[in-house]
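[1] The sequence and its predicted three-dimensional model are supplied below.
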Amino acid sequence: MNPNVTVVSHPLVQDKLSRMRRKDTPTPEFRRLLREISLLLAYEVTRDLPLTTQRIETPLTAMDAPVLAGPKLCFVSILRAGNGILDGMLDLMPNVPVGHVGLYRDPKTLEAVEYYFKLPVDAAQRLVIVTDPMLATGHSAAAAVTRIKNAGVTRLLYVSLLSAPEGIKAFGEAHPDVPVFTAAIDSHLNDHGYIVPGLGDAGDRIYGTK
């Protein structure tokens with residue numbers, strides 16, 4: 001196991017993921033389950049955020065209460081499927097600003113092609129959490145993170161729902177400094193670059209487009 005990869009094995013995450021994998025899971029349920037898993041993944045991703053104390057008044061007395069010390073966060077979704085994870089994380093942390101990277105995978109070369117890019121103006125001062133449900137070939141993920149780094153960001157985490165060994169290897173070689181959080185590492189990629197056993201095309205299943 002790559003020490004830079006964390007598999008979130010919480011029973012609720014694994015149960016919801018299994019329900020998402022079923023080919024007969026309808027789009028509304030698939031979308032709801034992804035949103036729920038994303039919130040659970042957000043707990044794991046933010047587990048090590050530092051705390052400080054702040055003097056507050058409870059109804060009974062004053063106390064030094066734990067509060068987040070920073071760094072401030074930023075979410076960046078890899079369009080379009082990354083928005084499925086983004087929604088659940090925003091449920092937990094609604095004040096976090098959001099950026100987007102638009103990429104599509106060339107069906108012949110499987111390489112990532114960029115068509116959109118926008119980050120919050122202060123993204124370079126934040127810890128950026130990049131979201132995309134599938135870490136398959138790793139090309140899109142690596143290209144997105146490279147683009148984000150080129151914008152001045154130095155602190156990043158990458159969050160996916162499913163990963164393939166090939167994608168983890170390629171991403172790790174391109175960005176060994178970026179930790180990866182995922183709910184499962186599946187067996188392999190097929191000839192079309194899909195994760196096996198996987199769950200199909202995440203974007204199509206989220207938005208009912210296939």
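    Looks like it came in fine.

[2] Residue 123 touches residue 150, doesn't it?
    No - shown here, residue 123 and residue 150 do not form a contact pair, counting by CB atoms under 8 Å, at 11.6 Å. (Glycine included, C-beta is placed from N, CA and C.)

[3] So these two - more neighbours on which side?
    More crowded of residue 123 and residue 150, by other CB atoms under 10 Å: residue 123, with 19 against 9.

[4] Contact partners for that one?
    74, 76, 97, 99, 148, 151-153 (CB atoms under 8 Å, 6 or more residues apart in numbering).

[5] rerun at 7 Å
    Counting by CB atoms under 7 Å, 6 or more residues apart in numbering, residue 123 touches 74, 99, 151, 153.

[6] Now for those, which sits with the most neighbours around it?
    Going by other CB under 10 Å, residue 74 tops the contacts of residue 123 with 24 neighbours.

[7] Spell out the secondary structure type for the nearest residue to residue 73 once chain neighbours are set aside.
    The shortest distance from residue 73 to any non-neighbouring residue, by CB to CB, 6 or more residues apart in numbering, is to residue 96 (4.8 Å). Using DSSP: H, G, I helix; E, B strand; the rest coil, the structure places residue 96 in coil.

[8] any low-confidence regions in the chain?
    1, 110 (pLDDT under 70).

[9] Contacts only, for the residue nearest to residue 73.
    Shown in contact with residue 96 (CB under 7 Å, 6+ apart): 73-75, 90.

[10] and the residue nearest to residue 86 when sequence neighbours are not counted, what does it touch?
    Distances taken as CB to CB, 6+ apart put residue 77 closest to residue 86, at 4.4 Å, once the chain neighbours are dropped. Listed by CB under 7 Å, 6+ apart, the contact partners of residue 77 are 83, 86, 98, 100, 131.

[11] likewise residue 151?
    So residue 151 contacts 119, 123-124 (CB under 7 Å, 6+ apart).

[12] Tell me the buried residues in the lengthiest helix in the chain?
    The longest helix of the chain (DSSP state H) is helix 27-45. Neighbour counts over helix 27-45 (16 or more other CB atoms under 10 Å) mark 30-42, 44-45 as buried.

[13] And for stretch 178-187?
    178-186.

[14] related to what we said a few turns ago, mind checking which of the contacts of residue 77 are in helices?
    83, 86.

[15] just the contacts of residue 77 now: which is nearest residue 54?
    residue 98 (26.1 Å; CB to CB).

[16] could you pull out the strands for this structure?
    Remark: strands assigned in the chain by DSSP state E are 5-7, 51-57, 62-68, 73-79, 98-105, 112-118, 127-131, 134-135, 156-163, 180-185, 188-189, 195-196.

[17] What is the neighbour count of the nearest residue to residue 75 once chain neighbours are set aside?
    Distance criterion CB to CB, 6+ apart; nearest residue to residue 75, sequence neighbours excluded, is residue 98 at 4.8 Å. Residue 98: 16 surrounding residues under other CB under 10 Å.

[18] Right, I'll leave it there.
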